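Participant: Sequence and computational prediction follow.
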Amino acid sequence: MRRLLVAWLLLAGLCGPALAALTLRDDRGVTHRFERHPQRIVTLLPSLTETVCALGGCGRLVGVDRFSNSPPQVRLLPNVGGLEDAQVERIAALKPDVVLAEPSARVVDRLEALGLAVVIVDAKTHADVRHALGMVAVLLGTPGEAERAWARIQRAIDEAAARVPASVRGQKVYFEVDAAPYAAGAGSFIGETLQRLHMGNVVDPSLGAFPRLNPEFIVKARPDIVMAAQRNLDEMPRRPGWASLPALQQRRSCGFGLEQYEVLVRPGPRMGEAALHLADCLAGLAGRGR
C-alpha cells in the first residue's frame with residue numbers, strides 16, 4: 001500500500017504541470033485563466049491570424065476576419081466580419097475557446113457578455129510584435145516558436161538593411177497608411193523598420209505611431225521619398241499643393257500593389273518580408289538616379 005501511495009504521488013507530481021491551468025495577462029491588463037491551451041481560436045485581425053499560424057496553431061483556427069488571407073488555407077475558414085462589424089452571433093456559434101482581437105475591436109464587450117474569452121493584443125512597435133508572438137505562443141503551448149519566429153524576422157531585416165544603397169540612406173520617407181492621410185510615424189513598427197534600413201521619417205515620434213496629418217504638413221515637410229499603396233500614390237498629385245512635391249515630380253516614390261502593401265502594414269511574423277519589399281523599393285530608386 002505504501003508503494004502504491006508513493007507511486008501515485010510521483011505520478012501526480014509528473015502530471016501536475018501539464019494539467020495546471022494557464023494564466024495569461026493581455027495587453028489591456030486583463031488576466032485570463034484557461035484550463036487548457038485553447039483548441040478553438042477565432043482571430044479578428046489578419047496579423048493575429050498570421051501570428052497563430054507562424055507559431056504552429058493554424059489548425060486550431062475556426063474563424064477569421066474578412067481580411068485574413070495568409071497563409072492561403074485560412075481563406076477557407078468561416079469569415080466573421082471585421083473590427084467594425086464582427087458578427088457576434090456567428091463567432092459565438094463557432095464555440096471558440098478564445099477570440100484574439102486588437103483594442104479597437106468594437107465587439108469585445110458583447111463577446112465577453114456571452115461568456116467568451118477575448119484576449120487583446122496591441123502591436124504598434126517592434127517590441128510589441130515580439131511581445132505578441134510570446135503571448136500567443138504561451139496561449140498555444142508552443143513558447144519556443146516565438147523566439148524562432150522573431151529570429152527569422154531579425155535575419156530578414158538585417159538582410160534588407162544590407163540591400164539599401166548608400167546613396168539613399170538617411171533620406172526622409174513619408175509612408176502613407178491611409179489617404180486621410182494617416183502616416184506611419186517614426187515610432188511605429190513601419191517607422192522602426194525604415195530606421196533599421198538607415199532611412200529617416202518626416203513624422204516625428206512625438207506625433208504618435210500612426211497620426212492623422214493635415215495635408216499641408218506633407219507639403220511643408222517635403223519628403224525625399226513617398227511610399228504608399230499604388231492606388232493612393234496615383235491620386236496624390238490631385239491633392240491641393242501635392243503636385244509641387246519634388247518626390248512626386250521626380251518619381252522618387254514607391255507604389256505597392258495590394259499583396260505587398262498588406263504585408264507592409266501588418267505587424268506580425270511577415271515584418272521581415274516587409275523590410276525586404278522596402279529595401280527593393282529603395283534600391284530601385286537609387287538605380288533610377290544613376
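Facilitator: Great, that's in hand. Numbering: from 1, shown residues only.

Participant: so what's Leu194 up against?
Facilitator: Listed by Cβ atoms under 8 Å, 6 or more residues apart in numbering, the contact set of Leu194 reads 173, 175, 184, 186, 200-201, 278. C-beta here means a position set from N, CA and C on the backbone, and glycine is covered the same way.

Participant: out of these, which are inside strands?
Facilitator: 173, 175, 200-201 (DSSP state E).

Participant: Please, where are all the strands along the stretch 101-250 of the chain?
Facilitator: For the stretch 101-250 of the chain, applying DSSP state E, counting those that start in this stretch gives strands covering 118-120, 172-178, 182-183, 200-201, 225-229.

Participant: Which members of the contacts of Leu194 are the farthest-apart pair?
Facilitator: Ala186 and Leu278 (14.4 Å; Cβ to Cβ).

Participant: sorry, back to before: quick check, nearest of the ones in strands among the contacts of Leu194 to Pro223?
Facilitator: For the ones in strands among the contacts of Leu194, the minimum distance to Pro223 (Cβ to Cβ) is 6.2 Å, reached by Val173.

Participant: ok, back up a step: can I get the ones in strands among the contacts of Leu194 in CSV with neighbour count?
Facilitator: Shown next, in CSV, are those (neighbours: other Cβ atoms under 10 Å):
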residue, neighbour count
Val173, 28
Phe175, 27
Gly200, 16
Asn201, 23
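
Participant: Compare Ala186 and Leu278 (neighbour count), which wins?
Facilitator: Leu278 (27 against 23; other Cβ atoms under 10 Å).

Participant: Isn't that one up against Ile157?
Facilitator: No: judged on Cβ atoms under 8 Å, Leu278 makes no contact with Ile157 at a distance of 9.6 Å.

Participant: Tell me the confidence at Gly82?
Facilitator: Reported pLDDT at Gly82 in the predicted model: 89.

Participant: Touching, it and Val64? I think so.
Facilitator: No: counting by Cβ under 8 Å, Gly82 does not reach Val64; the two are 10.4 Å apart.

Participant: Between these two, which has more neighbouring residues?
Facilitator: Val64 (25 against 17).

Participant: what sits against that one?
Facilitator: Contacts of Val64 (Cβ under 8 Å, 6+ apart): 42-43, 46, 49, 74, 77-80.

Participant: what sits opposite it in the beta ladder?
Facilitator: Beta bridges link Val64 to Thr43, Asn79 when assigned by DSSP bridges.

Participant: Determine the number of other residues adjacent to the closest residue to Asp178 other than its chain neighbours.
Facilitator: Distances taken as Cβ to Cβ, 6 or more residues apart in numbering place Asn232 nearest to Asp178, at 7.9 Å, with adjacent residues excluded. As a burial measure, Asn232 scores 19 neighbours (other Cβ under 10 Å).

Participant: thought Asn232 was touching Tyr174?
Facilitator: No: Asn232 is beyond contact range of Tyr174, at 11.3 Å (criterion: Cβ under 8 Å).

Participant: Report the two of the contacts of Val64 separated the most.
Facilitator: Farthest pair in the contacts of Val64, by Cβ to Cβ: Pro46 and Pro78, 15.2 Å.

Participant: Of the two, give the one with the bigger neighbour count.
Facilitator: A count of neighbours by other Cβ under 10 Å puts Pro46 above the other of Pro46 and Pro78, at 22 against 14.
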